[in-house]
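Asker: Sequence and predicted structure, then a few things I'm wondering about:
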Amino acid sequence: MSQLLDAVLLVLGASSCGTAVWFVAHSTLSRWWTHQWVLSRLERTSHRVLSPNQQEQGSVADFLDAIAREVHSGYSLTLAFVNTAERFPSLAWWTEPISLHCIRGNSLATAIAETSPQNWTADVALATRTLSVASNGGYGIVGALEKSASILREREHIAHERLAQTAQIRLSTAVLSWIPLVICAWVIMRQSHTRTFLLHTPLGLLCIAVGLLLNIAGRKWITRIERTST
């Protein structure tokens, strides 16, 4: 009976300590997360001139904007694609196969059709469809490219917003899952009767097994919720 009472008190003590730590982390660390997020947003939205190296490492949206500027300057869409691809080596895995077909004399639409969409991301697929449609000609090529670039930037903004919203979930999961394990290990090392009950009795081993199972299941459940929300 005394061993069962010790186990109940251990569970209650660990839960109380974990809850207290969570409240402290929620009131302090969450402010730090928010502060860091605001700083990153301000840095990202500040008006600053990018160096040529930073421009070369741009995103798919920057790539479309650069093509739009080339077309606006008088280049054809195919030539603008080839010239711009040389300045974006980070996108070479996508642009290089298409550029090779264009250099051989094919139009941009033909080059895209003959390129396998292997490992293409959603952003690259949208940009490719836009380029394929724009290659048919017309007066709205620049507008279509700029509109697609705007959509891609809006996607990136929404993704960052969701990531910031799930930061508190990740923090709470880490605190609520690791603190009880640390407390349990500390109690086992410090108290001999608790160590004997948990490690040398069937009921104690069952408590450890059920606790670990619930801990792992809780972490996977929260991770699944976080993935669906992002």
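Answerer: Okay, I see it. Residues are numbered from 1 along each chain as shown.
Asker: pull the helix or strand with minimum mean pLDDT from this structure.
Answerer: helix 52-56 (a mean of 41; mean pLDDT, DSSP states H and E).
Asker: After that helix, heading C-terminal, what element do we hit next?
Answerer: Next helix or strand after helix 52-56 toward the C-terminus (DSSP states H and E): helix 60-72.
Asker: other SSEs contacting that next one?
Answerer: With contacts defined as 3 or more CB pairs under 8 Å, 6 or more residues apart in numbering; DSSP states H and E, the packing partners of helix 60-72 are helix 77-85, helix 122-134, helix 141-165. Every residue, glycine included, has its C-beta placed from N, CA and C.
Asker: quick one: the closest residue to E70 other than its chain neighbours from R155, how far?
Answerer: Leaving aside its chain neighbours, E70 sits nearest to A80 (3.4 Å; criterion: CB to CB, 6 or more residues apart in numbering). Applying CB to CB, to the nearest Å, the value for A80 to R155 is 23 Å.
Asker: Give me the domain ranges for this protein.
Answerer: 2-28+166-229, 52-152 (automatic domain parsing).
Asker: Could you tell me how far the most centrally placed residue in the chain is located from H157?
Answerer: Centre of the chain computed as the mean C-alpha position; nearest residue by CA atoms, centre = their mean is L163, 6.5 Å away. Taking CB to CB as the measure, L163 falls 11 Å from H157.
Asker: Next, count neighbours for Q118.
Answerer: 8 (other CB atoms under 10 Å).
Asker: roughly how far apart are it and D65?
Answerer: Applying CB to CB to Q118 and D65 gives a distance of 25 Å.
Asker: what sits against R153?
Answerer: Applying CB atoms under 8 Å, 6 or more residues apart in numbering to R153 gives the contacts A61.
Asker: pLDDT score for it?
Answerer: Listed pLDDT for R153 reads 90.
Asker: list the helices and strands the helix or strand hosting A185 packs on?
Answerer: Using DSSP H and E, the element containing A185 is helix 167-190. On a contact count with 3+ CB pairs under 8 Å, 6+ apart, helix 167-190 meets helix 2-45, helix 192-200, helix 202-229.
Asker: List the buried residues for that helix?
Answerer: 167, 171-173, 175-177, 179-180, 183-184, 187-188 (16 or more other CB atoms under 10 Å).
Asker: Next: stretch 213-221.
Answerer: So, applying 16+ other CB under 10 Å, stretch 213-221 has no buried residues.
Asker: Check the model's average confidence along that stretch for me.
Answerer: 85.
Asker: Figure out how far that stretch is from the centre of its chain.
Answerer: Stretch 213-221 sits 22 Å away from the centroid of its parent chain (CA atoms, centre = their mean, to the nearest Å).
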